[in-house]
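**Q** for reference, the sequence and a predicted model appear below.
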Amino acid sequence: MKLQTLTATLAAALLSAAPLVAQDEGPTGDAEAGEREFNKCKACHMIEGPDDIIQRGGKVGPNLYGVAGRQAGSYEDFRYSDLMVAAGEKGLMWNEADFVAYVADPTAFLREYTEESSGRGKMTFKLNNEEAAADVWAYLVSVGPAMEDGAEATN
């Protein structure tokens, strides 16, 4: 009887640790597909690194270079909505899970995250296909700076 209890406890522990292991694996999407999907994003967003322009695009939205692990609402050269700034101040650091939820319905995500019932985000576009959003995330991570100490692993 003790062996069965030990086995069940060990199985439960392994299952509960599975999300932690998955986090270390990096983005779940396909970066190549994400590059194609990003064509929808570049009407408003660019990806410009310190040395070159990776994707030309609009300046209606912030530069998405280095967005992985970045505090929400903190890119210096962009004026964010109050709701986005509040989310960042509450601790929102961009990771895959939050990015996918955010792009599906930006204002609803920010209201839920900040627990505010009013206010709007500036992004009106919605990418509610989770697979496509994960692909865009994988692309952004692939063209961004190398992450230190597993910071991207916060899916």
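**A** Everything's here; your move. Numbering: from 1, shown residues only.

**Q** isn't Ala72 right up against Phe99?
**A** No. Ala72 lies out of contact with Phe99 (C-beta atoms under 8 Å); the separation is 9.9 Å. C-beta coordinates here come from the backbone N, C-alpha and C atoms, glycine included.

**Q** if I look at the residue positioned nearest the centre of the chain, how far off is Ala43?
**A** Relative to the mean C-alpha position of the chain, the nearest C-alpha, by C-alpha atoms, centre = their mean, is the one of Phe99, at 2.9 Å. Distance from Phe99 to Ala43, counting by C-beta to C-beta, to the nearest Å: 18 Å.

**Q** one more: Tyr75?
**A** Tyr75 sits 18 Å away from Ala43 when distances are taken as C-beta to C-beta.

**Q** same question, Tyr102
**A** Distance check for Tyr102 against Ala43: by C-beta to C-beta, it reads 17 Å.

**Q** more neighbours, these two?
**A** Shown here are Tyr102 and Ala43; by other C-beta atoms under 10 Å, Tyr102 has more neighbours (24 against 11).

**Q** which ones are touching the residue nearest to the more buried one when sequence neighbours are not counted?
**A** In space, not counting the residues next to it along the chain, Tyr102 is nearest to Phe109; the distance is 4.5 Å by C-beta to C-beta, 6 or more residues apart in numbering. Neighbour list for Phe109: 98, 101-102, 121 [criterion: C-beta atoms under 8 Å, 6 or more residues apart in numbering].
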